[in-house]
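Asks: I need the structure of the sequence given here:
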Amino acid sequence: MASNRDKILSYYEGYDEDARATSSRENGLEFYYTKKLLDEYITSESCVIELGCGTGYYSMYFADKCAQYTGVDLSPDNIAVFREKIVAEKKENIRAAVGDATALSEFQGNSFDVVLCLGPMYHLPQEERAKVFDECCRIARPGAILAFAYINGLGAYLSACVHDKMRLTYPNAETNHAVFELKTDDQLPGVFFYTSPEEIEHEAKQKEFEVLKNLGVNFGFTSCAVDAMSEEQFECFMEIADKMSDNPLCTGLSEHALLICKKLIY
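Replies: Numbers count the residues shown, from 1 in each chain. Now for the predicted structure:
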């Protein structure tokens, strides 16, 4: 079980997870590019599990593209909202369950064609991320696709520095220590944890995974400009965003990124 479970649940208590994808253009890019990157790996025959499913944003999208979809989240409140959506939308191929990505004993090994871990890595230190990698490997079938969303510490900190130009509190030595040494958020220590593209790739390769892609899904340092753009400008910006998201050399400056792997077949 995640050691900071109570902190995570406290943070999300009353949090409007549903609104995050539409709260700004920049926030929407994370969801847009995550779906775009994953679309090619989910087919009508796929049995999919999503860990950290929240209230079912990705689940409701991908359920129409696959055979079976299971959403798991640490928060009972999120799962309650998700179940209401399933009933309202009459989605018969979706199951929603409360669970912890570090300990998935309720799921048998070699059960899923696609394993999406789209939230837990935001909230876990390295030693507990290793447990998630182990559990994802266990429940994935040989040859399965696995995707891990994570927060890139450098990109997140860069974004904070750019957007803090009025208060001028960033950068500072304390935050440098939190982000680069402790690898946690300076304002919410123990709730959000950071990594880097190189670190999470190394962790994945220690397991039975072949790394396929490791790409940024949003670049927070652009958010102020993006949200102020006209529709015409934003349409042009999306061509820039496409190129950044498709270029692994840009991943190190992303705020959120997605590591896509394949479970090796022996």
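Asks: test my guess that residue 153 contacts residue 180.
Replies: Yes - using CB atoms under 8 Å, residue 153 is in contact with residue 180, at 6.9 Å. (C-beta placed from N, C-alpha, C; glycine too.)
Asks: what about the strands in the protein?
Replies: Taking DSSP state E to define them, one finds strands in the chain at 47-51, 68-73, 94-98, 112-117, 140-151, 209-218, 256-263.
Asks: which one of those lies nearest to residue 231?
Replies: Counting by CB to CB, residue 231 lies closest to strand 209-218 out of the strands of the chain; the figure is 19.2 Å.
Asks: contacts for the closest one next, please.
Replies: The set of residues external to strand 209-218 that reach it, using CB atoms under 8 Å, 6 or more residues apart in numbering, is 26-27, 29-30, 32-34, 37, 133, 137, 145-146, 149, 152, 155, 197, 200-201, 204-205, 244-248, 250-251, 253-264.
Asks: just the buried residues of these.
Replies: 26-27, 29-30, 32-34, 37, 133, 137, 145-146, 149, 152, 155, 197, 200-201, 204, 244-245, 250-251, 253-263 (16 or more other CB atoms under 10 Å).
Asks: the residue nearest to residue 48 when sequence neighbours are not counted and residue 77, how far apart?
Replies: Nearest residue to residue 48, sequence neighbours excluded (CB to CB, 6 or more residues apart in numbering): residue 114, at 4.4 Å. As judged by CB to CB, to the nearest Å, residue 114 and residue 77 stand 26 Å apart.
Asks: and those two? Which one has more around it.
Replies: Neighbours were counted for residue 114 and for residue 77 using other CB atoms under 10 Å; residue 114 has more, 22 against 16.
Asks: who's in contact with the more buried one?
Replies: By CB under 8 Å, 6+ apart, the contact set of residue 114 is 41, 42, 46, 47, 48, 49, 66, 144, 145, 146, 147.
Asks: okay, those residues in a markdown table with distance to residue 18 next?
Replies: Shown next, in a markdown table, are the contacts of residue 114 (distance: CB to CB, whole Å):
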| residue | distance to residue 18 |
| --- | --- |
| 41 | 25 |
| 42 | 22 |
| 46 | 25 |
| 47 | 26 |
| 48 | 21 |
| 49 | 21 |
| 66 | 22 |
| 144 | 29 |
| 145 | 26 |
| 146 | 26 |
| 147 | 21 |
